[in-house]
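Colleague: Return atomic coordinates for the entry below.
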Amino acid sequence: MKKLLGTGVALVTPFNSDKSIDFEALERLVNYQITQGVDYLVVLGTTGEPATLTLEEKEQVKQTIVSVTAKRVPLVLGIGGNNTAAVVEEIKSTDLSNFSAILSVAPYYNKPTQEGFYQHFKAIALASDVPVIIYNVPSRTGKNVEPNTIVRLASDFENIIGVKEAAGDIEQAMRLLKDVPNEFLVISGDDMIALPMTLLGGAGVISVIGQAFPESFSKMIRLAMQGDNKAAYTQFYKFIDGVDFIFEEGNPAGIKTMLETLKICSPHVRLPLVEASSVLKKKISNFVANYQS
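Modeller: Next up is the predicted model:
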């Protein structure tokens, strides 16, 4: 899956002031990513607020992105949840012909055992006609998918081809990189440690801040994959404050504020999320104004 190396971006879903989907802004966002050099796009990942979209809205978002992308870059579709049977049914009933892989978040709230995680992703692997990327994000799901479980799944199912690793734990990332099969993709799901993970042998990143600065963030990851540590870190240090800011009051409120500052989309989110505070908006506005690529 070399086409999923490098920088992927977890797209937001732009909203109008009445909280309806802003499809014009969505088209603008997608074109911005592609023309600025990202390697692939993640559709309806958790950053896209799928939990508060209707089935009809999800389909409209998918079709819009597929149409605007026009096969210029690969697409990865988020399909996940904490009801294994429902996730399997969604996979089987979804047209995946325009997607290179699905990204499936670890079950949240239920807090399965490691065997439960294994059986969940086994069911997904057996149901999917396209490759599967596991999304491990314990800060949101409440429980970590341990490296041994990831390695076991990677070894047992050929179509489980990667993990978006967002535990924020560089030691855990190293253990994954040491033990997974050679072609298995260990993708950073954490912007703050995307660079060191890539330099250690990772497959790049599925980024949030990357959609605000797709050209320079993608450049940083490419430098890392070429082994140019010094140049990559020079680029990275420009992003640190911005990464802190976009997650200070939760995702995607922060990144939507940054995208508003860049005149790409509005900052609106759907409840139970709320927009960034005026204090944070000022921090983000100042960061964007002073950012130098």
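Colleague: Count the neighbours of residue 2 for me.
Modeller: Per other C-beta atoms under 10 Å, the neighbour tally for residue 2 reads 9. Using the backbone N, CA and C atoms, a C-beta is placed for each residue, glycine as well.
Colleague: so how far is residue 122 from it?
Modeller: Look at residue 2 and residue 122: by C-beta to C-beta, to the nearest Å, they are 25 Å apart.
Colleague: residue ranges for the strands of the stretch 151-293 of the chain, please.
Modeller: 160-165, 185-188, 204-207 (DSSP state E, counting those that start in this stretch).
Colleague: Can you say which of these is packed in most?
Modeller: strand 204-207 (a mean of 29; mean count of other C-beta atoms under 10 Å).
Colleague: and that strand, what other elements does it pack with?
Modeller: If contacts are counted by 3 or more C-beta pairs under 8 Å, 6 or more residues apart in numbering; DSSP states H and E, strand 204-207 sits against strand 6-10, strand 185-188, helix 194-199, helix 214-225.
Colleague: So what touches it?
Modeller: 5-10, 39, 42, 45, 76, 103, 164, 187-189, 191, 194, 197-198, 217, 221, 225 (C-beta atoms under 8 Å, 6 or more residues apart in numbering).
Colleague: any idea where the helices of the stretch 51-200 of the chain begin and end?
Modeller: In the stretch 51-200 of the chain, the segments counted as helices under DSSP state H, counting those that start in this stretch are 55-69, 84-93, 114-127, 138-141, 147-156, 170-179, 194-199.
Colleague: ok, residue 23 - contacts?
Modeller: Taking C-beta under 8 Å, 6+ apart as the test, what residue 23 contacts is 60, 64.
Colleague: Would you check that residue 239 makes contact with residue 210?
Modeller: No: with contact defined as C-beta atoms under 8 Å, residue 239 does not reach residue 210; the gap is 9.2 Å.
Colleague: any shared contact partners between these two?
Modeller: In contact with both residue 239 and residue 210: 191, 217, using C-beta under 8 Å, 6+ apart.
Colleague: Looking at those two now, which is surrounded by more residues?
Modeller: Neighbours around residue 239 and residue 210, counted as other C-beta under 10 Å, are more numerous at residue 210. The numbers are 28 against 24.
Colleague: Am I right that that one is in contact with residue 12?
Modeller: No: using C-beta under 8 Å, residue 210 makes no contact with residue 12, being 11.8 Å away.
Colleague: what do these two both touch?
Modeller: Common neighbours of residue 210 and residue 12, counting by C-beta under 8 Å, 6+ apart, are absent.
Colleague: who's in contact with residue 98?
Modeller: Applying C-beta under 8 Å, 6+ apart to residue 98 gives the contacts 66, 75.
Colleague: let me redo that: residue 46
Modeller: 10, 78, 105, 135, 137, 140, 251.
Colleague: give me every residue that touches residue 183.
Modeller: Applying C-beta under 8 Å, 6+ apart, we find residue 183 in contact with 1, 161.
Colleague: Relative to residue 94, how far out is it?
Modeller: Residue 183 is 25 Å from residue 94, by C-beta to C-beta.
Colleague: what does residue 186 give?
Modeller: Using C-beta to C-beta, residue 186 is found at 26 Å from residue 94.
Colleague: same question, residue 43
Modeller: Residue 43 sits 11 Å away from residue 94, going by C-beta to C-beta.
Colleague: Return every residue with contacts to both of the two.
Modeller: Common neighbours of residue 43 and residue 94 (C-beta under 8 Å, 6+ apart) are residue 77.
Colleague: Residue 267 reaches residue 257, doesn't it?
Modeller: Yes: judged on C-beta under 8 Å, residue 267 makes contact with residue 257 at a distance of 4.7 Å.
Colleague: who's more crowded, the two?
Modeller: residue 257 (27 against 21).
Colleague: ok now do the more buried one, which residues does it touch?
Modeller: By C-beta under 8 Å, 6+ apart, the neighbours of residue 257 are 246, 267, 275-276, 280-281, 284.
Colleague: Drop anything exposed from the contacts of strand 204-207.
Modeller: Listed as buried from the contacts of strand 204-207 are 5-10, 39, 42, 45, 76, 103, 164, 187-189, 191, 194, 197-198, 217, 221, 225; burial here means 16 or more other C-beta atoms under 10 Å.
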